[in-house]
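Enquirer: no letters, just coordinates:
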């Protein structure tokens, strides 16, 4: 790997691209992790998504060169994007012929089933997350996290990306948003620097206080009454929304977390610094570690 490593804040879910749980982890207690492919010469991989279990994408690279790997059946190969792009941070889609990837310097790539197209965006800020309810309602979030005016929220209507006006925030010094996820067109959650949480209610973005003061780096859920954000710097944080309010729990002494996923209401799966892989009981916030042969974030 090169030494030009980005800061930990934007590294989000680095383990997702280089580790897979054997057989898709159908059992919440399955600790059988193994490398998906050798990423030593490629950089970091930050996100994985696919239209099916046998067809997956993972994206990443180095700060200056974005890389995408594709799994078809059981084989991973590098994707020819047809152009040079910087580090790619997140991938999301709606099917084989509709995949969107975001990355550094305002990069957005879209796949229509045959060609990867670089889409125009109104920003050169780094983009860390993308999610949507349909091909005509996508959200992307980002920001370099260093100065006023860098925090970025974009929206795509099927024709163009436009910047979304941000509310005046009660939480100070928020210069980046890291992830976006939602349950409906009028219920979209954005998390970011210094524990900020924004919710799109269908007409405007509204700040919500989750009780976190450290960065919230990733968000996922199973429905409007079960949404989980994770983050932290020195120690891991879990913020959970139960449909009424947010509650934040410190997982000290466990390290900071940067990836989260749920497939039921009872169990939270999280990844973080120094190879941390956790299953967390959603009711008690008791965390159980599983282990992989890596010490990467």
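Expert: Cool, the structure landed. Every value quoted in this text rests on a predicted model; they were computed, and no experiment measured them.
Enquirer: end to end, how far does stretch 188-197 reach?
Expert: 10 Å (CA to CA, to the nearest Å).
Enquirer: isn't there a strand covering residue 244?
Expert: No. Per DSSP: H, G, I helix; E, B strand; the rest coil, residue 244 lies outside any strand segment and is coil.
Enquirer: tell me the contacts of the closest residue to it other than its chain neighbours?
Expert: Excluding the flanking residues, the one nearest residue 244 by CB to CB, 6 or more residues apart in numbering is residue 225, at 8.0 Å. Every residue, glycine included, has its C-beta placed from N, CA and C. Applying CB atoms under 8 Å, 6 or more residues apart in numbering to residue 225 gives the contacts 241, 242, 243, 244.
Enquirer: quick one: buried residues of stretch 151-164?
Expert: Judged by neighbour count using 16 or more other CB atoms under 10 Å, the buried positions of stretch 151-164 are 151, 152, 153, 154, 155, 156, 161, 164.
Enquirer: ok, now stretch 62-78?
Expert: 62, 63, 66, 67, 68, 69, 70, 71, 76.
Enquirer: who's in contact with it?
Expert: 1-2, 4-6, 17, 36-37, 42-45, 50, 54-61, 79, 81, 84-88, 91, 101, 103-104, 107.
Enquirer: follow-up on the earlier one: which of the buried residues of stretch 151-164 lies closest to residue 136?
Expert: Of all those, residue 136 sits closest to residue 156, with 7.6 Å by CB to CB.
Enquirer: pLDDT score for that closest one?
Expert: On pLDDT, residue 156 comes in at 98.
Enquirer: against residue 114, how distant is it?
Expert: 20 Å (CB to CB, to the nearest Å).
Enquirer: narrow the contacts of residue 225 to those that are buried.
Expert: So, by 16+ other CB under 10 Å, the buried ones in the contacts of residue 225 are residue 241.
Enquirer: same list, the contacts of residue 225, but as TSV with distance to residue 168 and pLDDT please.
Expert: Putting the contacts of residue 225 into TSV (distance: CB to CB, whole Å; pLDDT from 0 to 100) gives the following:
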residue	distance to residue 168	pLDDT
241	22	98
242	27	96
243	26	96
244	25	96
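Enquirer: wait, which of the contacts of residue 225 is closest to residue 132?
Expert: residue 241 (19.8 Å).
Enquirer: report the contact partners of that closest one.
Expert: Contacts of residue 241 by CB under 8 Å, 6+ apart are 189, 210, 221, 225, 226, 227, 228.
Enquirer: could you list the low-pLDDT ranges of the stretch 51-200 of the chain?
Expert: By pLDDT under 70, the stretch 51-200 of the chain contains no weakly predicted segment.
Enquirer: hey, where'd the strands end up in it?
Expert: Taking DSSP state E, counting those that start in this stretch to define them, one finds strands in the stretch 51-200 of the chain at 55-61, 66-72, 75-78, 88-95, 98-103, 108-111, 116-118, 127-134, 137-142, 152-156, 161-163, 177-184, 187-192, 196-200.
Enquirer: what's the mean pLDDT across the helix or strand following the last one?
Expert: Spelled out, it's strand 196-200. Using DSSP states H and E, the helix or strand that follows strand 196-200 in sequence is strand 205-209. Mean pLDDT, computed over strand 205-209, is 97.
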